[in-house]
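Participant: Sequence and computational prediction follow.
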Amino acid sequence: MSGHDTPIPMQSARSGPLRGVAEVPGDKSISHRALILGALSVGETRITGLLEGQDVLDTAAAMRAFGATVTRHGPGEWTVQGVGVGGFAEPEQVIDCGNSGTGVRLIMGAMATTAISATFTGDASLNKRPMGRVTDPLALFGAQAHGRAGGRLPMTVVGAADPVPVRYTLPMPSAQVKSAVLLAGLNAPGESVVIEPEVTRDHTERMLRGFGAEITVEDTVEGRVITLTGQPELVAQSVAVPRDPSSAAFPVCAALIVPGSEITVPGVSRNPTRNGLFTTLVEMGADLTFENPREEGGEPVADLRVRYTGALKGVETPPGRAASMIDEFPILSVVAACAEGRTVMNGVKELRVKESDRIDAMARGLEACGVRIEENEDTLIVHGCGPEGVPGGATAESRLDHRIAMAFLCLGLVAKKPVKVDDGGPIATSFPVFEPLMTALGATITRSNA
């Protein structure tokens, strides 16, 4: 079910109540970082709960190509024998990152201050995504990048032989860019500083500190200032990966729109930089209860109980919240389509350069299903169908985007007529058990002949 394979048309249809326990996979962001930081450490890092989606498997293969020993011992259980900061070897083959923008950008950062070269490529979707947002700040360290027009893959990155520390202000809210710069700063002398005017997910900062890096975070009038002292000796760790809130979003939102539903998602991340969707859903009237709060792998987690309480109400999300829910806007758009009134999503222009133009993909698919949409470069407005219900009956284009495919399959569970997606294959990049998990909860999702 990857974006490299033959398309897999899928269909969802009106379902009865969703009930049960949704054991969603491990967090994708943390899984990528655990493999990369394990490879940059001295000793053996043990990882449990690793997401075994194609995106993360591609990052594991890349770490092997750079010289680390990466071994799978069982479902979600992996070890990484690291080579230390600055210890990456030059890969013999092209690094194929598949569909993963996170993987390729973080790996570029991790190797950019070592005197080696590596060539990166990906699938049709990834090769359309802009890499200049990462290669521009990496050039400040002394790295060079040679790619296709517009800063696109395939691309060769030549690491800096004599890297220098940098001070860099993010021009857009992007945890990927921030993380790439911080990973590059590991092998640069002195202090490298990243300033983010808008706060983004902070897994890299948390994990760098956990692996032994000297890193400080300070809130100032400029924004959040992150200072990393370069050339540390990272020490191998045991990492327990919490469940991914971006994956949990799909069964959670499905339960909120399918009458009579009640589900539990155990051990989901409560990282405050990833909490935007849950905050918005509560504002819409959702019944969400977080139970048994605790810490796993340096991240706050809790068990999430979700109950259907009737039609939700449209809301307006502030631009400053967008970074904390950037991956959840597709499924929020589905909830908005089923709600009463208008939902205005502000500050969403970053969705234009994800695996697809997610604003356009959701707008066109929802319109085909009978939902009224307004949009501009940075805003998406969904006019909810309320008690009358979403008509459905259309085929949505997934555009090689896992989150688009899953969002429309959730919509079909409550629409008047079944909803199809032209290709559910990309779902495997982040949520390989989506289909059986949702079916076990009671969802009607099938593979179709398009």
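Facilitator: Yep, it's here.
Participant: When you work out contacts or count neighbours from here on, use the C-alpha atoms and nothing else.
Facilitator: Noted.
Participant: Distance check, Asn81 against Ala161.
Facilitator: Slight slip there: residue 81 is Gln, not Asn. Taking Cα to Cα, to the nearest Å as the measure, Gln81 falls 24 Å from Ala161.
Participant: In terms of neighbours, single out the busier of those two.
Facilitator: For Gln81 versus Ala161, neighbours defined as other Cα atoms under 10 Å are more numerous around Gln81 (22 against 14).
Participant: wait, that one sits on Leu37?
Facilitator: No - look at Gln81 against Leu37 with Cα atoms under 8 Å: they stay out of range, at 10.5 Å.
Participant: what's near enough to touch Gly86?
Facilitator: By Cα atoms under 8 Å, 6 or more residues apart in numbering, the contact list for Gly86 reads 40, 111, 113-114, 187.
Participant: between those, which is closest to Gly424?
Facilitator: Minimum distance to Gly424 across the contacts of Gly86 is 33.0 Å, recorded for Met111 (Cα to Cα).
Participant: so that closest one touches Phe88, yeah?
Facilitator: Yes - if you go by Cα under 8 Å, Met111 and Phe88 touch, sitting 7.0 Å apart.
Participant: shaky segments in the stretch 301-450 of the chain?
Facilitator: Within the stretch 301-450 of the chain, the ranges that satisfy pLDDT under 70 run 449-450.
Participant: Which parts of it are strands?
Facilitator: With DSSP state E, counting those that start in this stretch as the criterion, the stretch 301-450 of the chain has strands at 316-317, 342-346, 372-376, 379-383, 395-396, 419-421, 444-447.
Participant: can you state the direction angle for the fourth one and strand 342-346?
Facilitator: Relative orientation of strand 379-383 with respect to strand 342-346: 170 degrees, computed using axes from the mean of the first three to the mean of the last three Cα atoms, to 10 degrees.
Participant: Can you name the residues in contact with strand 379-383?
Facilitator: Contacts of strand 379-383 (Cα under 8 Å, 6+ apart): 333, 336-337, 340-349, 359, 363, 371-375.
Participant: And the last one, by the same measure?
Facilitator: If you take Cα under 8 Å, 6+ apart as the criterion, strand 444-447 is touched by 8-15, 409, 413, 435, 438-439.
Participant: List the buried residues of that strand.
Facilitator: Neighbour-count burial for strand 444-447 flags 444-445 (criterion: 16 or more other Cα atoms under 10 Å).
Participant: Strand partners (parallel or antiparallel) of it?
Facilitator: strand 10-13 (antiparallel) (DSSP bridges).
Participant: ok, the next helix or strand after the strand it pairs with: who's next to it in the sheet?
Facilitator: Remark: after strand 10-13, the chain's next helix or strand is strand 19-21, criterion DSSP states H and E. Applying DSSP bridges to the sheet, strand 19-21 is found paired with strand 262-269 (parallel).
Participant: Report the buried residues of the next helix or strand after the strand it pairs with.
Facilitator: Downstream of strand 262-269, the next assigned helix or strand under DSSP H and E is helix 276-283. Neighbour counts over helix 276-283 (16+ other Cα under 10 Å) mark 276-281, 283 as buried.
Participant: Burial check on Asp378, number of neighbours?
Facilitator: 15.
Participant: State the distance from it to Val344.
Facilitator: Distance of Asp378 to Val344, computed by Cα to Cα: 11 Å.
Participant: now do Gly424
Facilitator: Separation of Gly424 from Val344 (Cα to Cα): 28 Å.
Participant: Settle it for me: which of those two has more neighbours?
Facilitator: More neighbours surround Gly424 than the other of Gly424 and Val344, with 29 against 19 (other Cα under 10 Å).
Participant: Quick one: residues contacting the more buried one.
Facilitator: Residues in contact with Gly424 (Cα under 8 Å, 6+ apart) are 1, 7-10, 398, 402, 405-406.
Participant: Columns neighbour count on top of the residues you listed, output as JSON lines?
Facilitator: Output for the contacts of Gly424, formatted as JSON lines (neighbours: other Cα atoms under 10 Å):
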{"residue": "Met1", "neighbour count": "17"}
{"residue": "Pro7", "neighbour count": "16"}
{"residue": "Ile8", "neighbour count": "18"}
{"residue": "Pro9", "neighbour count": "20"}
{"residue": "Met10", "neighbour count": "24"}
{"residue": "Ser398", "neighbour count": "28"}
{"residue": "His402", "neighbour count": "23"}
{"residue": "Ala405", "neighbour count": "28"}
{"residue": "Met406", "neighbour count": "24"}
